[in-house]
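>>> from the sequence below, what's the structure:
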Amino acid sequence: MITKQLHNFLLAVGIIASSIGQAHATTSGSTYDLTLTGDTNSVYTDSYLNGGDKIDLWYLNLSGLDNTNPIAVSISDTINVTVNFNHGATIPSSLTRTSFSLWLSGSEFPVIDTGTSGTVTFFNNGLPGLSATTGCSTSSSLVACADFYPPNNAITFDKLMYTFTITKLGTAPDQSVTLDGSNIVFQGISPAVPEPDTYTMMFAGLGLLGWMVRR
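Numbering: from 1, shown residues only. The predicted structure follows:
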């Protein structure tokens with residue numbers, strides 16, 4: 001189950017603001033460096049049950065990439081994104097799976113299949129920690145996501161750094177898209193545990209069943 005510490009962090013987190021530099025040309029494509037920020041008031045939370053799992057979701061809208069400073073990207077371009085948090089966080093080891101997904105979208109993004117490939121690195125107090133490969137294929141947005149299974153060790157961090165290359169933009173080799181929006185999505189999966197009221201109802205039902213058996 002998501003801990004109160006993590007919940008408070010996700011409500012208090014701030015993803016810092018943004019500068020979009022000039023693209024650096026390389027032999028395999030251009031490279032864009034982004035630093036994004038989020039308004040803590042824009043956090044949206046949701047949760048639901050899926051079989052024996054409880055799914056908790058947090059959506060953090062980011063600023064720094066909008067229609068006043070969009071970027072046009074093409075296949076083979078690389079995007080480096082730094083996400084700074086104003087409060088550190090620890091993902092508890094009680095979660096069975098977590099994922100961090102960075103979404104870059106566009107208001108007029110064409111409905112095409114996309115793909116990315118890269119890495120994400122967690123930083124804490126300026127030091128790099130856990131690193132993992134990212135990927136994701138989707139439509140109408142570029143997504144870099146990674147899953148983690150931390151039953152043995154918690155993950156502590158105050159900054160994320162994504163580096164990924166665009167591997168697919170539709171079917172045309174010269175396809176390009178304009179990006180003017182971004183958000184980050186955290187998903188936590190934990191075993192579903194009945195609430196206290198559920199236990200009360202369950203025990204009451206068992207008591208009634210026992211009374212009926214005695215009758």
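>>> burial measure for His87, as a count.
Residues lying near His87 (other C-beta atoms under 10 Å) number 13. Where C-beta positions appear, they are placed from N, C-alpha and C, glycine not excepted.
>>> how much space separates it from Lys159?
11 Å (C-beta to C-beta, to the nearest Å).
>>> secondary structure element for Asp174?
For Asp174, there is no enclosing helix or strand under DSSP states H and E.
>>> which residues touch the residue lying closest to it once chain neighbours are set aside?
Distances taken as C-beta to C-beta, 6 or more residues apart in numbering put Ser74 closest to Asp174, at 7.1 Å, once the chain neighbours are dropped. When contacts are counted by C-beta atoms under 8 Å, 6 or more residues apart in numbering, Ser74 is found next to 29-30, 166, 169, 174-177.
>>> just the buried residues from the residues you listed, in PyMOL please.
Buried residues among the contacts of Ser74 (16 or more other C-beta atoms under 10 Å), as a PyMOL selection:
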select buried, resi 29+30+166+169+175+177
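>>> tell me where the protein has helices.
Residue ranges of the helices in the chain, as given by DSSP state H, are 4-12, 196-214.
>>> worst average pLDDT in those?
Among these, helix 196-214 carries the lowest mean pLDDT, at a mean of 38.
>>> wait, Leu65 sits on Asp180?
Yes - Leu65 lies in contact with Asp180 (C-beta atoms under 8 Å); the separation is 6.2 Å.
>>> look at these two and report which has more neighbours.
When neighbours are counted by other C-beta under 10 Å, Leu65 and Asp180 differ, and Leu65 comes out ahead with 24 against 18.
>>> please name the nearest non-neighbouring residue to the more buried one.
Leu65 sits nearest to Ser182 (C-beta to C-beta, 6+ apart), 4.8 Å away.
>>> do I have it right that that neighbour meets Leu62?
Yes - counting by C-beta under 8 Å, Ser182 does reach Leu62; the two are 4.3 Å apart.
>>> who touches both of these two?
Leu36.
>>> picking that back up, now do the residue nearest to Leu65 against Leu127, distance only.
For Ser182 relative to Leu127 (C-beta to C-beta), the value is 26 Å.
>>> for Trp58, give me its contacts.
10, 43-45, 185-187.
>>> just grab the bridge partners of it for me.
Per DSSP bridges, the residues bridged to Trp58 are Thr45, Phe186.
>>> local confidence estimate at it?
87.
>>> what pLDDT does the residue nearest to Asp77 when sequence neighbours are not counted get?
Using C-beta to C-beta, 6+ apart and skipping residues adjacent in sequence, the residue nearest Asp77 is Gly29, 4.3 Å away. At Gly29, the pLDDT value in this model is 87.
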